[in-house]
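A.B. asks: got a predicted model here, sequence first, then my questions.
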Amino acid sequence: MPLSEKHDETKTYDDILNAGPPVDQLARDFVTPTELFFVRNHSQIPHLQLDSYRLRVQGLVSRELSLSLDEIKTNFEQRTLVATLQCAGNRRKELVSYKPIDEGLAWDIEAIGTAEWTGLRLGDILTSAGISDETAGHVAFLGLDTLMRDGHREAFGSSIPLDKALGSEVLLAYAMNGEDLPLAHGCPLRVIVPGYIGARSVKWLSEIRVQEDPSDNHFQQVGYKLFPPHINMYNVDYHDGMQLTKLPVNSVIVRPQDRSLLPAGKIMVEGYAMSDGEHEITWVSVSPDGGESWQRAEFLNEPQLWTWQLWRAEFDLPPGTHEFIVRAWDSAANSQPETIASVWNFKGYVNNAWHRVKITLK
Ligand code: MTE
């Protein structure tokens, strides 16, 4: 696997597969080759018996369903969507270097990828089961992977609001980039919730439950909650946190890498930008001089919903040290905060501060 593994430094024993592409391989293609697509797991990959696999649909439905993989593939219309998946912890490394963070993986800029997902609409399965009650407000998911917490074994889970679940973009995917979904990415079936943090796209999906409230799963109620910068692990009340859903506008310089030493002259700066997926990225500005002047970047793909926007900007620069900065806007005029200080949070989520890279030209 060309991915390099990442380990959670706070765990003494960590045999959980987490990995990302070498940063210089990131965002070279609009659709990320599967072997370069980051992997984020919270426990060991489950042992699966595909023959006996069933997806259960339960809760506030008129008709409970229990479907085999064959039934899932043949009874529902097949849909394909290109969508970007980004972990809420992407760019945590910059937050950690501003102020320590006690948990999570120190992702640089590589916890993001774009794939062509094939499967069925979650909405089609919900329609088939029938929403039975007007109190239904959320759709909860459970994976087949489990971990021990407070003496109990529990599955990874999440939920999304019912309105989002019925959106045509939300898929249950059984294929990625034209091949069966690989085991590391959730084979045989995973949720794809475009525009939301990656944690809501549950892999190795075993159960869908329609319910009144958000999921009570640890990863919905404690993990993946956002707190303002003044909250820390000593004064936190987890009931107060904001459950993360949509990703904020972000943009990142992928090449040249921070601290590169390069020949003076023409320098091509390249990267990606991403919004909440519902709004296209409309503008990316790059500064070659720490924010004194700015140049509009050129887009490398047609702006589209649910995916990243690749961009580049060329500069002609003399020898010396130069600081590049990138910032982006979306079609709703959302943009990025300037400083890491204003987005720092003790769990290290959704860092979308202006991205900075310093290089030396000789
Ligand atoms: N689903 C299960 N069952 N278990 C997990 O640990 N990790 C989530 C999500 N779905 C996870 C999961 C997180 S945090 C992210 S960012 C994405 O899967 C990553 O998907 P990928 O590994 O296919 O890139």
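C.D. replies: Arrived safely.

A.B. asks: just the helices in this protein please.
C.D. replies: 69-75, 92-98, 122-129, 162-165, 218-221 (DSSP state H).

A.B. asks: now the ones you listed in CSV, with distance to K6, mean pLDDT and mean neighbour count?
C.D. replies: From N, CA and C alone the C-beta is placed, and that goes for glycine too. Shown next, in CSV, are the helices of the chain (distance: least, CB to CB, whole Å; pLDDT from 0 to 100; neighbours: other CB atoms under 10 Å):
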stretch, distance to K6, mean pLDDT, mean neighbour count
helix 69-75, 31, 97, 14
helix 92-98, 10, 97, 19
helix 122-129, 29, 98, 19
helix 162-165, 29, 98, 18
helix 218-221, 18, 96, 20
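
A.B. asks: quick one: name the residues of the stretch 201-350 of the chain near the ligand.
C.D. replies: S201, V202, K203, W204 (CB under 6 Å from any ligand atom).

A.B. asks: which residue sits closest to whatever residue of the stretch 201-350 of the chain ends up closest to the ligand, ignoring its sequence neighbours?
C.D. replies: Closest contact between the stretch 201-350 of the chain and the ligand, by CB to the nearest ligand atom, is at K203 (3.6 Å). Distance criterion CB to CB, 6 or more residues apart in numbering; nearest residue to K203, sequence neighbours excluded, is G186 at 2.8 Å.

A.B. asks: and the one you found, what does it touch?
C.D. replies: Residues near G186 by CB atoms under 8 Å, 6 or more residues apart in numbering: G143, A173, V202, K203, W204, L205.

A.B. asks: which one of the residues you listed has the most neighbours?
C.D. replies: V202 (32 neighbours; other CB atoms under 10 Å).

A.B. asks: skipping adjacent residues, who's closest to that one in space?
C.D. replies: That would be F141: by CB to CB, 6+ apart, it lies 3.9 Å from V202.

A.B. asks: roughly how far apart are that neighbour and G151?
C.D. replies: 24 Å (CB to CB, to the nearest Å).

A.B. asks: these two - which one has more neighbours?
C.D. replies: A count of neighbours by other CB under 10 Å puts F141 above the other of F141 and G151, at 28 against 5.

A.B. asks: surely that one meets V193?
C.D. replies: No - F141 is beyond contact range of V193, at 9.2 Å (criterion: CB atoms under 8 Å).

A.B. asks: what is in contact with these two at once?
C.D. replies: Joint contacts of F141 and V193 (CB under 8 Å, 6+ apart) are R200.

A.B. asks: and W354, what does it touch?
C.D. replies: Applying CB under 8 Å, 6+ apart, the residues contacting W354 are G291, I325, V326, R327, Q336, P337, E338, T339.

A.B. asks: which residues are in contact with the fourth one?
C.D. replies: The contact partners of R327, taken as CB under 8 Å, 6+ apart, are S251, V284, S285, S335, Q336, W354, H355.
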